[in-house]
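Student: one predicted model, sequence on top.
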Amino acid sequence: MIKKAFLFLLFGLTFYSISFCISKTVQKVIVYYHNTVNIEKSLELSNGISDENLSSLVKAYLFLADSVEKFYGKSESYIEKLIKYADEENMDLYEVVKLLKIWRFDSITKLDGKFEELLLKFPDSLIVVLEAMRFHHYNYTHYFYESSYKTLERLFNIATRLDPGVSSPYIWIINAKKIKEEDVEPFISEAIKNADCKVLRRFLATFYFEKGDYEKAVENSKVVPDFEKDSEILYIIGISLWKLQKFEEALTFLEMLIDNEDFEKLYFKKQAQVYRAAGDIYEKREDIKTAVEYYKKAVKKDSNDSETFKALGMAYLKTSDPDKEIYARYYLNLALKISPNLSDAEKVLKEINKKFVRVAFLKYMFPVLMIVIILLVLLEFSIKLKKKKDMRRLMK
């Protein structure tokens, strides 16, 4: 009897875990979103769900998942209108949507313990595991909770067991381990093997770029689909190649980026670095005029970059401008005002100042001095002449 009851309970739990998790159609949309972070295309896919009410629930999830960290801009009332339907098959999605709504419109602090409850209720639900990971990743990267880090590791193992092709778990765990200063290479290898997609490669490109591994930054950037249209990826490629001293190839990507319609949307310091890198390459080509133009654009974007002011000042000395030393002196002074420890700029500036002193002496002081000397000589001659006249008068 006990054995039968146990089997019945086991069957019931199995049925529960299968029946109360999102359907394959819904999961396909959610996995696509996590692998691309393309909300527009994901919403199009949700339109293909036959049940209109369920489609609306998926849309509510997509808007909320996209906005809990980025604030997508949909109002609470709009989301409420979408949440109309939940059945036993998609109850986990409905519960997740409710929690994301609290996170988006109320307070993340009210989610404490809520995802743990959902994980107990839906242990094999990919959507619950993914959003629990998002929650704990946010907590760890913002507040460094050790408990969130340990939970992330546990949920990562569950997520990759449920679907190793979803990229978000790899991104979250790699990011957390980077902060923790732990080895991430095994996780990166596993990620590329199982979830080789745009959002993952984009993340890895940024990850390696920030780490200073420019070879791998370029390698991952160039396999991002449509990277030629992506201003952030073009920035990573162009600057990485410049750092690697592959100047001609770098210039191709830097100019492609400058011509990109989204270039102005880049952070202003990144725009300045792009102009500075392009200027540096043109200076190496000995096209000083173009180099100066790019350096000027760079300092307009970022007026606190001493290195660019220094480069501009140095470049002016190579021009044929008759006032080149005046401009060079001006920009080198600005560089030293921002960073007083630029010894090379200080050395060049001292030489320019010495030359200015010599030129000023020869051009202004020397003529004045000569006039003074001539006047003194004439005065002395006049005095002597007067004395002679006086002596003659006395002798008479």
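Tutor: Yep, it's here.

Student: please count neighbours and contacts with C-alpha atoms only from this point.
Tutor: Noted.

Student: what's the burial count for residue 336?
Tutor: The tally of other residues near residue 336 (other C-alpha atoms under 10 Å) stands at 19.

Student: what's near enough to touch residue 255?
Tutor: residue 278 (C-alpha atoms under 8 Å, 6 or more residues apart in numbering).

Student: and it, how far is that from residue 275?
Tutor: The spacing between residue 255 and residue 275, counted by C-alpha to C-alpha, to the nearest Å, is 9 Å.

Student: with residue 150 instead?
Tutor: Applying C-alpha to C-alpha, one obtains 43 Å for the distance of residue 150 from residue 275.

Student: likewise for residue 384?
Tutor: Separation of residue 384 from residue 275 (C-alpha to C-alpha): 70 Å.

Student: out of the two, which sits in the more crowded spot?
Tutor: Each of residue 384 and residue 275 has its neighbours counted (other C-alpha under 10 Å); residue 275 has more, 25 against 12.

Student: that one against residue 298, yeah?
Tutor: Yes: proximity of residue 275 to residue 298 meets the contact threshold set by C-alpha atoms under 8 Å, at 5.1 Å.

Student: my guess is residue 76 contacts residue 105, does it?
Tutor: Yes: using C-alpha under 8 Å, residue 76 is in contact with residue 105, at 6.8 Å.

Student: quick one: common contacting residues for the two?
Tutor: In terms of C-alpha under 8 Å, 6+ apart, residue 76 and residue 105 are not both contacted by any residue.

Student: what number of residues lie near residue 45?
Tutor: 20.

Student: equivalent analysis for residue 117, please.
Tutor: When neighbours are counted by other C-alpha under 10 Å, residue 117 registers 11.

Student: tell me the secondary structure of it, please.
Tutor: helix (DSSP: H, G, I helix; E, B strand; the rest coil).

Student: separation between it and residue 203?
Tutor: Separation of residue 117 from residue 203 (C-alpha to C-alpha) stands at 31 Å.

Student: cool, and residue 281?
Tutor: Residue 281 is 28 Å from residue 203, where distance means C-alpha to C-alpha.

Student: repeat for residue 133
Tutor: Distance, residue 133 to residue 203, using C-alpha to C-alpha: 17 Å.

Student: try residue 312
Tutor: Residue 312 sits 34 Å away from residue 203, taking C-alpha to C-alpha as the criterion.

Student: name the residue in the two with the higher neighbour count.
Tutor: Taking other C-alpha under 10 Å, residue 312 and residue 203 do not tie; residue 312 has more neighbours (29 against 20).

Student: just the strands in the stretch 151-300 of the chain please.
Tutor: In the stretch 151-300 of the chain, no strands are defined using DSSP state E, counting those that start in this stretch.

Student: okay, helices next: where are they in it?
Tutor: Counting by DSSP state H, counting those that start in this stretch, the stretch 151-300 of the chain has helices at residues 168-180, 185-194, 198-211, 214-221, 231-243, 247-258, 268-284, 288-301.

Student: now the last one, how far from the centre of its chain.
Tutor: So that's helix 288-301. Offset of helix 288-301 from its chain centre (C-alpha atoms, centre = their mean, to the nearest Å): 22 Å.

Student: what sits against residue 262?
Tutor: residue 231.

Student: which pLDDT does the model give it?
Tutor: On pLDDT, residue 262 comes in at 94.

Student: for it, give its distance to residue 256.
Tutor: Residue 262 is 11 Å from residue 256, where distance means C-alpha to C-alpha.

Student: likewise for residue 227?
Tutor: Residue 227 sits 11 Å away from residue 256, going by C-alpha to C-alpha.

Student: who touches both of these two?
Tutor: residue 234.

Student: tally of neighbours for residue 267?
Tutor: Residue 267: 11 surrounding residues under other C-alpha under 10 Å.

Student: one more: residue 182?
Tutor: Residue 182 is flanked by 10 other residues according to other C-alpha under 10 Å.

Student: would you enumerate the residues in contact with it?
Tutor: No contacts exist for residue 182 under C-alpha under 8 Å, 6+ apart.

Student: look up phi and psi at it.
Tutor: With angles defined as degrees, to the nearest 10, residue 182 sits at phi -110, psi 170.

Student: show me what contacts residue 292?
Tutor: Shown in contact with residue 292 (C-alpha under 8 Å, 6+ apart): 279, 312, 315, 316.

Student: from residue 103, how far off is it?
Tutor: Residue 292 is 50 Å from residue 103, by C-alpha to C-alpha.

Student: can you check residue 381 too?
Tutor: Taking C-alpha to C-alpha as the measure, residue 381 falls 98 Å from residue 103.

Student: with residue 340 instead?
Tutor: Per C-alpha to C-alpha, residue 340 is found 47 Å from residue 103.

Student: about what we covered before: tabulate the helices of the stretch 151-300 of the chain in JSON lines, adding columns for mean pLDDT and distance to residue 62.
Tutor: What follows is these, written out as JSON lines (pLDDT from 0 to 100; distance: least, C-alpha to C-alpha, whole Å):
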{"stretch": "helix 168-180", "mean pLDDT": "96", "distance to residue 62": "14"}
{"stretch": "helix 185-194", "mean pLDDT": "94", "distance to residue 62": "23"}
{"stretch": "helix 198-211", "mean pLDDT": "95", "distance to residue 62": "16"}
{"stretch": "helix 214-221", "mean pLDDT": "97", "distance to residue 62": "26"}
{"stretch": "helix 231-243", "mean pLDDT": "98", "distance to residue 62": "24"}
{"stretch": "helix 247-258", "mean pLDDT": "98", "distance to residue 62": "31"}
{"stretch": "helix 268-284", "mean pLDDT": "98", "distance to residue 62": "30"}
{"stretch": "helix 288-301", "mean pLDDT": "97", "distance to residue 62": "36"}
